[in-house]
Structure formats: structure tokens, C-alpha cells
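[1] Sequence first, then the predicted structure, then my questions.
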Amino acid sequence: MFGSAIVTQAVLSACNLIIGLVLIRFTTEEDYGRYVLAYTVLALAIAVPNSAVFGPQAVLGGKWPLDERRQLFSRVATQLARLCWQVGGVVMLGAVLVPGVVLQRWDDVWLAAALILAAAAAIRREHLRAVLYLGRAPIDVLRSDSVYALVAVMAAAAAALLAGGQAAPWVLLGLALAAWAGGWRARAVVGERFGWAPDEPVNRLAQLWPLGRWALLGSMINWSFVQGFYFVMVALLDVRAVAAVAATRLLLMPINLLATGVGQLLLPMAASWFPTLGGAVVLQRLSAIAAGLLGVTLTYVALLWVLQDWIMGTILGREFDEQGALIAAWSACFALGVVRSTISRAAMVVERFKALSALEAITASVSLTSGALAMLQFGAVGGILGLIAGEVTGMVLMVGYLTHLRRSGVLGPPAPVQT
């Protein structure tokens, strides 16, 4: 299962890498910067249901029998679709009124429209992927993601070559089309393997909300410093600095996507381990997996460091100021992040989402404050230094909190079997 998850993330990583390379080579830095900012908002749109819905769905659904799980994910799919249309309509109206009518920036309206379509399709696809992971069907996730990757790369390449310096909205439309195609494939598999339950008048989102609200808060706080720092960078520096930082970050994205993909599979698996094996074993296994992921990360970073001049000069076809410092800073940031995100699943399994949100708030405060100050002093590299400061803070807090849960018995041995 983990092997298929790794291959799946390799496919998605290659997809994002190729799209980024095509845009860097065939569009302007400004256009690529606009795409990065739009994709950052898309990441937020995906992170909201991922944390508020899919995480609690995995924790609770992983403990339920098949019939109850089928009712859960069927109703959630219906409610999510309706909510996407409602929120998308409101956001589109705001985009037409403010950037369009008031500021007369119709290019931004076009970008917003493409972003809304991409977000709606991506949320639907992500839910179907979560259902397949919950049903222990990672091979079907791989097939669905392969469809997504193929369509996304073809659409992005066509947009970059034909639209020139105005490719960003067309690439987002391509991502929307790819997400729809991948989601269509995943939906067919869900129907064949698990079946869809008839619609019911039960508010399943409200059922998940007690856990989801804290996970949502933590996710938004996490986005504010992991992705949102790009907007701070635009305000303090310029969009070209965003392009330089995003281009070097792109080289480390395989590690990020690897950790994300394993994490999506890891949460429902850890939830299923907990009732029989206990929290101590869950924490031990997650720590071992984190160590393995850290080893993969360091190996990849070493290879990247050796080949950085060839990659930037030949593959990207563009070099940036301080690229060595940017790559080194991103490497440290990703190495810390992959460990922290993996071991944090132990706290999710025991439903400590509120505490995790508080830890994320402290981490974000440290990251954004130190990052803003560092940008004024060191330029684009300073933004990543702020992320490193946040990751170090988050790691210390996470280890301390998991130690507390272990000593208090929350992550202790399983309850004895009643006879």
C-alpha cells in the first residue's frame, strides 16, 4: 500500500514539476508569478475540505463498518458539490465587482474564474481520492491520478506554448479539466467497488464538524505561513521574487508530495491500528516512517545539490540570484516539515485537533514575523528562513506535546479485552 502511495505521489510530483518547467521556460517571470499566487489560493481551497472533512472522515470512517462508511461518503459528496457551487458563485460575484468593475482589471477576473472552476473540480477529485484511500484501494488512486496528470500536463503545455505571457488562467482551466477527468475515473471505481448509498436527509458535514472545525483552523493557520508567505513577499518585494522562490521550491516538491501522499494513506491506517494495537505502537510506527521519509529526503537533497547547476541551466533554462542559498534553505525546511507532519498523525488519531490548531498558531506567528523581518534584511531567502524558524518551533512543540500524550496514557497501550 505504501509502495503504491509513493508511486502515486511520484506521478503527481512529475506532473507538477513538468508544468512548472514548461511555464518557467516558455512564459515570463510575471506570468509564472501570477500562476504561483493563483495556485497558492487553489492549495488553500483544497486544504479547507481536506482538513475539515476528509481528515475527520478518515478518523471516524476508519472505525465504522462498510455500510456506515458508504452512507458517510455518499452524503458528503452530495453536500460538497452543492457547497462548491454556492461558495464559487459568491466568490465570482466578488471578483467581478472588485477587480472588474471597480479596478477595471479584467485579466484578474478571468484568472479568478479559472481558479474557481479548478478549485471546484479539485475538491471533488480530492474527496473521491480520500474515499478510495479509506477503502484501502490505493492502486485505483494511482490510476485516477495518472489520468489527471496526463491531462494536466498536456493542457499546461498547450497553454504555455499558445498563450505566451498570459498562460496562467489557461493552465488553471487545464487543471480543472484534468481534475474532472481524474475525478470521473475515481467516481466510477467507487461506484463499482463500494457502491453509492441513496441520498439521505442527514447533515454529514455537521457530524464531522466537531473535529473538522479545529482541523480547519489548524490547516488555515498552516497555509498562512507555508503558502501565504508568498503574498507577504509580493507586498515587501515583488512578483519576480515570488517566481525565484517558487522555481527553486519546485525542485523540492517531490519530497512534499511524497509526504502528502503517504500522509493521506497513513491517517486511515493509523486510525485502524489504534483500537487494537494502542497509541504507543501507533506513535512508534509513525516515528519509524518519519525516519524513513527523512532518509529519502536527505538522499534526494544531496543529489539535487550536486546537480543544481545543470538543472537550473539546462532543464529550467533560467538561473536566479542566490539560487544556491534558496535551494539550501528549502532543503532544510522540507526536511523538518516531512518529519513534523508525519508524527503529527498520532495526535490526529486521538482526535486532538484543537491542540494541534493551537500549536499551528504559535508556529505561524513565529514564521510570519521572523520571515517578514528576514525578507527586509536578506531578500527572498529571508522568507524561507522564516519558514525554517516556524518549522523548528513546530517540531519542538510537536515532540513536547506527543511526549505529554504518551506520559498521560492517551498514547498508551490498548485497552484490555473484556472477557
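    Ah, there it is.
[2] continuing past the helix or strand hosting residue 284, what's the next helix or strand?
    Taking DSSP states H and E as the definition, residue 284 sits inside helix 279-310. Sequence-wise, the next helix or strand downstream of helix 279-310 (DSSP H and E) is helix 323-343.
[3] That next one vs helix 279-310, what angle?
    Note on geometry: by axes from the mean of the first three to the mean of the last three C-alpha atoms, to 10 degrees, helix 323-343 and helix 279-310 are set 160 degrees apart in direction.
[4] buried stuff in the helix holding residue 284?
    Neighbour counts over helix 279-310 (16 or more other C-beta atoms under 10 Å) mark 279, 281-283, 285-286, 289-290, 293-294, 297, 300-301, 304, 308 as buried. No exception for glycine: its C-beta is placed from N, CA and C like everyone else's.
[5] Tell me the helices and strands packed up against it.
    Here helix 279-310 touches helix 253-277, helix 323-343, helix 345-349, helix 380-407, going by 3 or more C-beta pairs under 8 Å, 6 or more residues apart in numbering; DSSP states H and E.
[6] for the ones you listed, which one ends up most surrounded?
    Highest mean neighbour count among the helices and strands packed on helix 279-310 (mean count of other C-beta atoms under 10 Å): helix 345-349, with a mean of 24.
[7] what's next to that one, contact-wise?
    Outside helix 345-349, the residues that touch it by C-beta atoms under 8 Å, 6 or more residues apart in numbering are 55, 59, 215, 263, 266-267, 270-271, 274, 279, 282-283, 286, 355-356, 398, 401-402, 405, 411.
[8] Contacts for the helix or strand hosting residue 41 next, please.
    Element membership for residue 41, per DSSP H and E: helix 29-49. By C-beta under 8 Å, 6+ apart, the residues outside helix 29-49 that reach it are 23-24, 27, 80, 111, 114-115, 118-119, 122-123, 126-127, 165-169, 171-172, 175, 216, 219-220, 222-223, 227-228, 230-231, 234, 239-240, 242-243, 246-247.
[9] What of stretch 374-390?
    225-226, 229, 232-233, 236-237, 241, 244-245, 321-322, 325-326, 329-330, 332-333, 336, 363-364, 366-373.
[10] Repeat that for stretch 227-246.
    Taking C-beta under 8 Å, 6+ apart as the rule, stretch 227-246 contacts 20, 24, 29-30, 32-34, 36-37, 40, 43-44, 320-323, 326, 367-368, 371-372, 375-376, 379-380, 383-384, 386-387.
[11] And residue 331, what's its pLDDT?
    Residue 331 carries a pLDDT score of 90 in this model.
[12] Check residue 388 too.
    What the model reports as pLDDT for residue 388 is 92.
[13] Look up how far residue 295 lies from it.
    20 Å (C-beta to C-beta, to the nearest Å).
[14] Then residue 110?
    45 Å.
[15] where does this structure dip in pLDDT?
    Residues of the chain that meet the criterion pLDDT under 70 lie in 1-6, 62-63, 99-104, 225, 261, 264, 315-321, 413-419.
[16] Residue 131 and residue 73 touch, don't they?
    Yes. Between residue 131 and residue 73 there is a contact at 4.6 Å, judged by C-beta atoms under 8 Å.
[17] one step back: need the helices and strands packed on helix 279-310 in a markdown table with distance to residue 203, can you?
    Shown next, in a markdown table, are these (distance: least, C-beta to C-beta, whole Å):
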| stretch | distance to residue 203 |
| --- | --- |
| helix 253-277 | 23 |
| helix 323-343 | 30 |
| helix 345-349 | 23 |
| helix 380-407 | 31 |
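[18] Of those helices, which is nearest residue 142?
    Of all these, the one in closest proximity to residue 142, counting by C-beta to C-beta, is helix 253-277 (9.9 Å).
[19] show me the contacts for residue 164.
    Contact analysis of residue 164 by C-beta under 8 Å, 6+ apart lists 26-27.
[20] oh, I was asking about residue 57
    Going by C-beta under 8 Å, 6+ apart, residue 57 touches 72-73, 76, 130, 134, 208.
[21] May I ask which two of those residues are separated the most?
    Distance extremes for the contacts of residue 57: the farthest pair is 134 and 208 at 13.0 Å, using C-beta to C-beta.
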